[in-house]
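1. Need the 3D shape of this:
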Amino acid sequence: MEDEKLICKCESKYDYDAIKQFNRSHMYNNPRNIIVTIIAAILVLYSIFGINTDSYLRIICGIIGIIWVVEISILPTLWSKKAYKTSKIVADAKLMVNFYNEKMQLLSLKNDEKVGESIITYDDIYKVLETNNYIYLYISSNQAYLCKKENFEGDYSIIVQKLKDKLQKKYKIKK
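-> Presented below is the predicted three-dimensional model:
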């Protein structure tokens, strides 16, 4: 890696809030969950406005719809608490990402001691989700590296453009 020029770098801490924001963003941007939420809303509307139908069916539809809405609201928080408590390596770990021209170097630190290192090319990234505060670099459909936007040092715009060029439709912006 020493022969390549560093374009920018980012250091992020995997604290409870970062994990919670990731889980919320991941869950709310999943197309399956969006479809189920729309169906739940239709069930609730049916239970309210389905006047000339069986009242038991309306009650069941309403309960199912309400359960989903409650579930989608609290699951990211519950998952975050579980992940934070059970993952000894990830909880309060730091991730340092060094972005180079063709690849990125990922260093995981726990108590300022290196616990892992990976080198990933931009072609190996599954997708990128950009939010107001983070860029999530997915390496699979449900696993991502979190890069806090305010912690980027260097030319951030070059990396964003490089990722957009490589990933095209798999680079999503959710504000």
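2. and the worst-scoring helix or strand of the chain on mean pLDDT, which residues are buried?
-> For the chain, counting by mean pLDDT, DSSP states H and E, helix 16-28 ranks last in confidence among helices and strands (a mean of 85). Across helix 16-28, burial judged by 16 or more other Cβ atoms under 10 Å covers 18-26. Every C-beta, even on glycine, is put in place using the N, C-alpha and C of the backbone.
3. what do you get for stretch 61-79?
-> Judged by neighbour count (16+ other Cβ under 10 Å), stretch 61-79 contains these buried residues: 61-62, 65, 68, 72, 76, 79.
4. Run the chain-centre distance for it.
-> Here stretch 61-79 is found 19 Å from its chain centre; the criterion is Cα atoms, centre = their mean, to the nearest Å.
5. re earlier: make JSON lines from the buried residues of stretch 61-79 and add pLDDT to it.
-> Shown next, in JSON lines, are the buried residues of stretch 61-79 (pLDDT from 0 to 100):
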{"residue": "61", "pLDDT": "92"}
{"residue": "62", "pLDDT": "93"}
{"residue": "65", "pLDDT": "93"}
{"residue": "68", "pLDDT": "92"}
{"residue": "72", "pLDDT": "87"}
{"residue": "76", "pLDDT": "85"}
{"residue": "79", "pLDDT": "82"}
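6. out of those, who's nearest residue 105?
-> Among the buried residues of stretch 61-79, residue 79 lies closest to residue 105 (Cβ to Cβ), at 28.5 Å.
7. Pretty sure the closest one sits against residue 22.
-> No - in this structure, residue 79 is not within contact of residue 22 by Cβ atoms under 8 Å, at 9.6 Å.
8. any idea how far residue 91 is from the residue located most distally from the centre of the chain?
-> Centroid-distance maximum for the chain: residue 52 at 43.1 Å, with Cα atoms, centre = their mean. Between residue 52 and residue 91 the distance is 54 Å, computed by Cβ to Cβ, to the nearest Å.
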